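1. here you go, sequence then predicted model.
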Amino acid sequence: MFDFKYFTPTKVVFGKNTESQVAELIQEFGGTKILIHYGGGSVVRSGLLQRVTDCLDAAGIAYVTLGGAVPNPHLSLVYEGIELCKKEGVDFLLAVGGGSAIDSAKAIGYGVANPDFDVWELYDYKKQAKGCLPLGVILTIAATGSEMSDSSVITKEEGLVKRGYSSDYSRAKFAIMNPELTMTLPDYQTACGCTDIMMHTMERYFTNGGNMDLTDALAEGLLRTVKDNAVILRDDPSNYDARAEVMWAGSLAHNGLTGCGNDGGDWMTHKLEHELGGLYDVAHGAGLAAIWGTWARYVMADCLPRFKKFAINVMGVADSGTDEEIAIAGIEAMEDFYRSINMPTNLRELGVEPTEEELVEMAHKCAVGVGGEMGSAKVLNEQDMLNIYRASM
């Protein structure tokens, strides 16, 4: 195992009607003028935004609002939010929604707290943040884990470039999690969320650098839990207990817990998907499912013990046959699971048909984005990335 630091400062308030506590939590962390940042109309239609503003009004907390965060959140809206915060004297951010609203809010917070450079320079790996406006979250989609993570992902419309940035400065002060708020999600979004949650742990699981038995047991248990409850939610979307299991798993999958003692993880499935999301604006979870099986087959031989362990302990494959046969059976079982919740397992099923030129472009952007090469299960260079994109067709 490797040495590690584990930092999870976010206060979690979990359960039914917990959004009613938003004003007292904001006051606890010193907020006096709030930017409420959210996505589309669902937050408005459900009445959640009104309930939030009613709480703030009753507590005498001033606020301004900015909607419009979309999947693969846009840099242009981040710029708009930065200017609004500066104009209104905002000192605290409240993201109401899923990963898109949270990630966009984090980027806004970086922009306000680092006025000496363009916030995109963080995501373009040219600068490091020196701070971020404090942030709270009311979570409505269990998926990205951004409510407890140090990371955010933003898409720059010019050039269709999607990049992530991580810093402890952006960790939320509090996260309100009411599983009931996720019950109105379309089935496709629920499945995408479950896929993303599992991938956040799988990225940390398939490594060649350090492992702990305890961390593996936590990771494998989380993966089995999400897999089982994703099927329950496919058949019974209003199941509160399944919603709660998935929501809590989403936070634990991306707050560092399932990577303690390893080398930080592989993350190449995410990096490959970022280019799909940037170019085609596909749902993140669906993009991950579409690329994972191809990536897994490509790197399996270099990380065979981990793939065998995954097959047996997570996917329930029998421990019989060669290591390669067991590992392949595990990959195939994972793809069967994806199909069972209506997730794609290749780019064709995802609904995109890149040209050769677009495949080359994505591979090049991906290589640039990771600094040339990256990976733990197997270190991938630009040619490897292109090979995976081609094989995923």
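-> Everything's here; your move.
2. quick one: the strands in this structure?
-> For the chain, the strands defined by DSSP state E occupy 11-14, 33-38, 62-66, 92-97, 135-139, 151-156, 161-166, 174-177.
3. packing partners of the fourth one?
-> Meaning strand 92-97. helix 22-28, strand 33-38, helix 48-59, helix 99-113, strand 135-139 (3 or more Cβ pairs under 8 Å, 6 or more residues apart in numbering; DSSP states H and E). For the C-beta atoms, the positions are set from N, CA and C on the backbone; glycine is no exception.
4. would you mark the buried spots in the worst-scoring helix or strand of the chain on mean pLDDT?
-> When each helix and strand of the chain is scored by mean pLDDT, DSSP states H and E, helix 42-45 comes last, with a mean of 90. Buried residues in helix 42-45, counting neighbours by 16 or more other Cβ atoms under 10 Å, are found at 42-43.
5. how far off centre is the longest helix seen in the chain?
-> Ordering each helix of the chain by length in residues (DSSP state H) puts helix 213-235 first. Once both centres are worked out by Cα atoms, centre = their mean, to the nearest Å, helix 213-235 turns out to sit 16 Å from its chain's centre.
6. hmm, who's touching it?
-> 187, 190-191, 194, 197-198, 201-202, 204-205, 239, 242-243, 245-246, 249, 252-253, 257-262, 309-310, 313-314, 337, 340-342 (Cβ atoms under 8 Å, 6 or more residues apart in numbering).
7. returning to that earlier point: quick check: which of the helices and strands packed on strand 92-97 is nearest to residue 279?
-> helix 99-113 (17.5 Å; Cβ to Cβ).
8. residues contacting stretch 302-322, please?
-> 202, 205-208, 211, 216, 220, 223-224, 227, 296, 300, 323-324, 326-327, 329-331, 333-334, 337, 376-378.
9. just the C-alphas of stretch 38-57, formatted as CSV.
-> Extracted in CSV, the C-alpha atoms of stretch 38-57 (Å, rounded to 0.1, in the frame of the first residue of the first chain):
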residue,chain,number,x,y,z
TYR,A,38,-29.1,25.7,-10.6
GLY,A,39,-29.7,23.9,-13.9
GLY,A,40,-32.9,23.6,-15.9
GLY,A,41,-36.5,23.9,-15.2
SER,A,42,-37.0,20.8,-13.0
VAL,A,43,-35.8,22.6,-9.9
VAL,A,44,-38.4,25.3,-10.6
ARG,A,45,-41.2,22.9,-11.6
SER,A,46,-40.8,20.7,-8.6
GLY,A,47,-41.1,23.7,-6.3
LEU,A,48,-37.6,23.0,-4.8
LEU,A,49,-36.2,26.4,-5.8
GLN,A,50,-39.2,28.1,-4.2
ARG,A,51,-38.8,26.2,-1.0
VAL,A,52,-35.2,27.2,-0.8
THR,A,53,-35.8,30.9,-1.4
ASP,A,54,-38.6,30.8,1.1
CYS,A,55,-36.2,29.5,3.7
LEU,A,56,-33.7,32.2,2.9
ASP,A,57,-36.3,34.9,3.0
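10. just the buried positions in it, please.
-> Within stretch 38-57, judged by 16+ other Cβ under 10 Å, the buried ones are 38-39, 42-43, 48-49, 52-53, 55-56.
11. quick revisit: are any of the contacts of stretch 302-322 buried, and which?
-> Buried among these (16+ other Cβ under 10 Å): 202, 205-208, 211, 216, 220, 223, 227, 296, 300, 326-327, 329-331, 333-334, 337, 376-378.
12. can you tell me which of those residues are in helices?
-> Per DSSP H, those map to helices at 202, 205, 216, 220, 223, 227, 296, 326-327, 329-331, 333-334, 337.
13. and those residues, which is closest to residue 382?
-> Distances from residue 382 to those, taken by Cβ to Cβ, are shortest for residue 296, at 19.6 Å.
14. state the distance from that closest one to residue 325.
-> The gap separating residue 296 from residue 325 is 14 Å, by Cβ to Cβ, to the nearest Å.
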